[in-house]
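>>> Structure for the following, please:
(one chain, ligands or ions: 3)
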Amino acid sequence: MATTIRFFLNGQLQEVSVRPDATVLDWLRNAQRLTGTKEGCAEGDCGACSVLIGDPLIDGDTVHYHAANSCILAMGQIDGRALVTVEGLKGEQLHPVQEAMAENGSSQCGFCTPGIVISIAGLAASNARAGDQDIHDALAGNLCRCTGYRPIVEAARKVVGAGGATVAGPQVAAFAKIEPRTLITGSGATYHQPASLGDLLQLRKDKPDAILLGGGTDLGVALADYHSDWDEVISLAHVRELRASRETENHLSFGAAVTWEEVLDRVTPFYPSFATLIRRFGSTQIRSMGTVGGNIGTASPIGDGPPALIALGAEVELASLSGHRFMPLEDFFLDYRKTELRLDEVIASVSIPKPKEGQAFRVYKISKRYDQDISTVCAAFSIIREEGQVRGARIAFGGMAATPQRAGQAEQALIGSSFDRKAIEACAAAITAQFKPLTDWRGSADYRIQVAANLAERFWRDVNGEVVEVMAL
Ligand SMILES: Cc1cc2nc3c(=O)[nH]c(=O)nc-3n(C[C@H](O)[C@H](O)[C@H](O)COP(=O)(O)OP(=O)(O)OC[C@H]3O[C@@H](n4cnc5c(N)ncnc54)[C@H](O)[C@@H]3O)c2cc1C
Ligand code: FES
Ligand code: FES
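Residues are numbered from 1 along each chain as shown. Ligands and ions are numbered 1, 2, ... in the order given. Predicted coordinates for the structure are as follows:
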């Protein structure tokens, strides 16, 4: 049993004795006095607390760094990893991102600047994606209230893809010294890190009250906002089987602990519209930690993953020591935050079929802001056409009921039709008849109904080539 959490902080090996549910932000600022990392919103929204997390790539010889929100990140989650703060970016000289920000006048009050530097450095370090869209994506989780984004984006353009903007840190071999341990304890808290599905399922059976932790982007908000305690945690982050993505001839499948950033990479060639949705899922910081299993497990009626996955015909795998159950994802959700998951089970994976001949798929997220916002309505449409006739249709909504839901009558209105205006009007009318959404501060019931029905028409126009996708500026 280990009582310390081991990781690299700005290149230096650390072994710290701290409750595994203490937030990384509090530890950095209070225990280490590394106050470059700021606290703004304390709920993953503003990016002021951004840090880089480094993991050795599986089967690779490089360390991959990505930005994360330290305000909702628990200390247990950095065990076995490298943590880089804005102080650690600078060596003898300023880091190229810091230099570009300074030269470009990209900072005024400076409060957001460390977080912004971290986000750009994370993108620059990967060096693989270097377009403007990638820069906007990398910055979508960082709020700046005074400089304005143009000088910030310009600074990023100078550095990203230019080479040389590396993150100094440990080599892959050094991670052997901090191999994650299966159990960490500290000040009354217990943090399990099983490495295999078998060990996870045994723990799940023995400790049904322990918190199952994916990436912590939902659970971590309570940790930061309400200072809730996690006395016993089972982390899924190191479970091999849950970390794997697979591609077969006809399917893509994702282990439950696969992050949304990884899903984004996998689905882009197959379902570009799903990829556009995922780019609007939280921010890079959120997508780099948040998992597909966590999005399903949290069973939010406004989660973005389920409507898209349901319309694509996803099947979810639930695992326990008694065996594995498979079911259509729509059947997993029973009622508001109630699911099929038993106390001894975990979500193991979700799989979707690859696109079929004649298939058209679109998913639309309606929210108050383009980026980093929760859906008011999320609508996903998939049809398969053969010889001009709709042979199959799957339509699913989020934000319209207590659970993500399929729109059965609306699907029927399309099946057998030639996908003409009359059919899409019948589809929209069926949507209006089926749903009785709530009014809340995101939108009234009337607004939701109208938007949902209008999105059917948008889908029709989109598939007929009339709608030009609006990109974020
Ligand atoms: C700033 C911010 C922005 C966000 N934006 C979006 C957004 O745009 N769209 C959206 O849909 N969501 C959004 N979220 C919510 C969240 O990021 C997602 O729901 C994410 O996918 C959760 O995954 P996680 O691994 O972080 O879950 P966790 O927080 O680790 O867990 C969430 C729940 O799922 C359970 N769970 C996790 N894994 C499993 C498993 N394998 N089996 C059974 N139960 C499991 C946990 O016990 C917990 O109850 C946002 C959150 C924040 C803080
Ligand atoms: S303090 Fe705002 S995202 Fe962490
Ligand atoms: S420089 Fe003031 S918030 Fe960005």
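>>> Kindly state the neighbouring-residue count (a burial measure) for the residue of the stretch 51-200 of the chain found nearest ligand 2.
The nearest approach of the stretch 51-200 of the chain to ligand 2 comes at C71, 3.2 Å away (CB to the nearest ligand atom). Backbone N, C-alpha and C define where each C-beta goes, glycine included. Around C71 there are 29 other residues, counting by other CB atoms under 10 Å.
>>> ok but it is inside a strand, no?
No: per DSSP: H, G, I helix; E, B strand; the rest coil, C71 lies outside any strand segment and is helix.
>>> Low-confidence regions, the stretch 101-250 of the chain specifically.
127-129, 226 (pLDDT under 70).
>>> residues from it in reach of ligand 1?
Residues of the stretch 101-250 of the chain that fall close to ligand 1, judged by CB under 6 Å from any ligand atom: I211, L212, L213, G214, G215, G216, T217, D218, L219, V221, L236.
>>> so the residue of the stretch 51-200 of the chain closest to ligand 2 touches W27, yeah?
No: contact criterion CB atoms under 8 Å: C71 and W27 do not qualify, at 11.4 Å.
>>> Walk me through the domains of the chain.
5-159, 177-241, 244-472 (automatic domain parsing).
>>> picking up where we left off before, could you dump the residues of the stretch 101-250 of the chain next to ligand 1 into CSV with distance to L94 and secondary structure added?
Below are these laid out as CSV (distance: CB to CB, whole Å; DSSP: H, G, I helix; E, B strand; the rest coil):
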residue, distance to L94, secondary structure
I211, 41, strand
L212, 42, strand
L213, 36, strand
G214, 36, coil
G215, 31, coil
G216, 32, coil
T217, 31, coil
D218, 36, coil
L219, 36, helix
V221, 33, helix
L236, 38, coil
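>>> What pLDDT is listed against the spatially closest residue to W460 that is not a sequence neighbour?
Leaving aside its chain neighbours, W460 sits nearest to I424 (4.1 Å; criterion: CB to CB, 6 or more residues apart in numbering). As predicted, I424 sits at a pLDDT of 98.
>>> Please renumber the chain so that the first residue is 618 from this point on.
New numbering, starting at 618: the last item is I1041.
>>> can you count the residues close to I1041?
If you count neighbours by other CB under 10 Å, I1041 ends up with 23.
>>> Tell me the spacing between it and S723.
Plainly put, I1041 is 47 Å away from S723 if you go by CB to CB, to the nearest Å.
>>> do G1015 as well
To S723, G1015 is 36 Å away according to CB to CB.
>>> returning to that earlier point: need the max-distance pair from the residues of the stretch 718-867 of the chain next to ligand 1.
Pairwise distances across those peak at 17.9 Å for V838 and L853 (criterion: CB to CB).
>>> Between the two, tell me which one has more neighbours.
Each of V838 and L853 has its neighbours counted (other CB under 10 Å); L853 has more, 27 against 19.
>>> residues in contact with S634?
T620, T621, I622, G803 (CB atoms under 8 Å, 6 or more residues apart in numbering).
>>> Serialize these to JSON lines and add fields for secondary structure.
Shown next, in JSON lines, are the contacts of S634 (three-state DSSP):
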{"residue": "T620", "secondary structure": "coil"}
{"residue": "T621", "secondary structure": "coil"}
{"residue": "I622", "secondary structure": "strand"}
{"residue": "G803", "secondary structure": "strand"}
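>>> May I ask which two of those residues are separated the most?
Spatially, the most separated pair among the contacts of S634 is T620 and I622, at 9.0 Å (CB to CB).
>>> Closest to the centroid, which residue in the protein?
The centroid of the chain falls nearest to R904 when counting by CA atoms, centre = their mean (2.9 Å).
>>> that older thread, intersection of neighbour lists for T620 and I622?
Contacts common to T620 and I622, judged by CB under 8 Å, 6+ apart, are S634, I801, G803.
>>> Quick check, the last one in contact with E632.
No: using CB under 8 Å as the test, G803 is too far from E632 to be in contact (11.7 Å).
>>> Would you mind telling me which of these two has the busier surroundings?
Comparing G803 with E632 by other CB under 10 Å, the one with more neighbours is G803, at 20 against 12.
>>> who touches the more buried one in this structure?
Residues in contact with G803, defined by CB under 8 Å, 6+ apart, are T620, T621, I622, S634, V635, R636, P637.
>>> ok so, going back, make JSON lines out of the residues of the stretch 718-867 of the chain next to ligand 1 and add distance to G780.
Compiled in JSON lines, those are given as follows (distance: CB to CB, whole Å):
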{"residue": "I828", "distance to G780": "42"}
{"residue": "L829", "distance to G780": "41"}
{"residue": "L830", "distance to G780": "37"}
{"residue": "G831", "distance to G780": "34"}
{"residue": "G832", "distance to G780": "30"}
{"residue": "G833", "distance to G780": "33"}
{"residue": "T834", "distance to G780": "32"}
{"residue": "D835", "distance to G780": "37"}
{"residue": "L836", "distance to G780": "38"}
{"residue": "V838", "distance to G780": "37"}
{"residue": "L853", "distance to G780": "36"}
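>>> Show me what from the stretch 618-767 of the chain comes close to ligand 3.
Close to ligand 3, as judged by CB under 6 Å from any ligand atom, the stretch 618-767 of the chain has residues S724, Q725, C726, G727, F728, C729, T730, C761, R762, C763, T764.
>>> what's around the third one, how many residues?
Using other CB under 10 Å, C726 is surrounded by 10 other residues.
>>> Could you say which helix or strand holds it?
Using DSSP states H and E, C726 is not contained in any helix or strand.
>>> Tell me how far the biggest helix by length in the chain lies from the chain's centre.
Counting by DSSP state H, the longest helix found in the chain is helix 1062-1080. Distance of helix 1062-1080 from its chain centroid, counting by CA atoms, centre = their mean, to the nearest Å, is 25 Å.
>>> got the phi/psi numbers for the closest residue to I991 other than its chain neighbours?
In space, and not counting its chain neighbours, I991 is closest to I919: 5.7 Å by CB to CB, 6+ apart. Note on I919: backbone dihedrals following degrees, to the nearest 10 are phi -110, psi 20.
>>> separation between I919 and ligand 3?
Using CB to the nearest ligand atom, to the nearest Å, I919 is found at 28 Å from ligand 3.
>>> and what of F978?
Counting by CB to the nearest ligand atom, the gap from F978 to ligand 3 is 38 Å.
>>> next one: T620
Distance, T620 to ligand 3, by CB to the nearest ligand atom: 39 Å.
>>> hang on, that residue packs against I801?
Yes: using CB under 8 Å, T620 makes contact with I801 at a distance of 7.2 Å.
>>> The two: which is more packed in?
When T620 and I801 are compared for neighbours, I801 comes out ahead with 26 against 13, by other CB under 10 Å.
>>> Reformat the residues of the stretch 718-867 of the chain next to ligand 1 as JSON lines; add distance to ligand 3.
Shown next, in JSON lines, are those (distance: CB to the nearest ligand atom, whole Å):
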{"residue": "I828", "distance to ligand 3": "34"}
{"residue": "L829", "distance to ligand 3": "36"}
{"residue": "L830", "distance to ligand 3": "31"}
{"residue": "G831", "distance to ligand 3": "31"}
{"residue": "G832", "distance to ligand 3": "26"}
{"residue": "G833", "distance to ligand 3": "26"}
{"residue": "T834", "distance to ligand 3": "23"}
{"residue": "D835", "distance to ligand 3": "26"}
{"residue": "L836", "distance to ligand 3": "28"}
{"residue": "V838", "distance to ligand 3": "22"}
{"residue": "L853", "distance to ligand 3": "35"}
